[in-house]
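Engineer: Could you work out the structure for the sequence below:
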Amino acid sequence: MLTVRLSDDLERELDRLAHEEQTTKTQIVRRALERYVEAHPDQRSSLDLGEAWFGRYGSGDGTLSSTYKRRVRERIRAKHRD
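Structural biologist: Now for the predicted structure:
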């Protein structure tokens, strides 16, 4: 059960629409909420949505991002030694 407080103006407009459409205020509110929920799908963060994919194909070496400069220098030096 849900109770909603409406402004007087909104309540009058809802009454008018219910009368015109020959339906109940509850039906109008229910349809409006259904449309709202459909228009606002899953609001999880990008991290939550991609959680199963992050690191899935990783190297397993957690230091790669912090040691990349040293590794690049070593590879360049090794290339020029040959």
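
Engineer: Nearest residue to the middle of the chain?
Structural biologist: Closest to where the C-alpha atoms of the chain average out (CA atoms, centre = their mean) is residue 43, at 2.8 Å.

Engineer: Let's verify it: helix, strand, or coil?
Structural biologist: Here residue 43 is coil, with the state taken from DSSP: H, G, I helix; E, B strand; the rest coil.

Engineer: And the next helix or strand past the helix or strand residue 16 falls within?
Structural biologist: Of the helices and strands defined by DSSP states H and E, residue 16 is found in helix 8-21. Moving toward the C-terminus from helix 8-21, the next helix or strand (DSSP H and E) is helix 25-39.

Engineer: The residue nearest to the centre of the chain and residue 37, how far apart?
Structural biologist: Plainly put, residue 43 is 11 Å away from residue 37 if you go by CB to CB, to the nearest Å. Glycine gets a C-beta too; all of them are placed from N, C-alpha and C.

Engineer: cool, residue 29 as well?
Structural biologist: Going from residue 29 to residue 37 by CB to CB gives 13 Å.

Engineer: out of those two, which sits in the more crowded spot?
Structural biologist: Applying other CB atoms under 10 Å to residue 29 and residue 37 shows that residue 29 carries more neighbours, namely 15 against 9.

Engineer: what sits up against the lowest-mean-pLDDT helix or strand in the chain?
Structural biologist: Evaluated with mean pLDDT, DSSP states H and E, the helix-and-strand set of the chain has its lowest mean pLDDT in helix 46-50, which scores a mean of 80. By CB atoms under 8 Å, 6 or more residues apart in numbering, the residues outside helix 46-50 that reach it are 42, 54.
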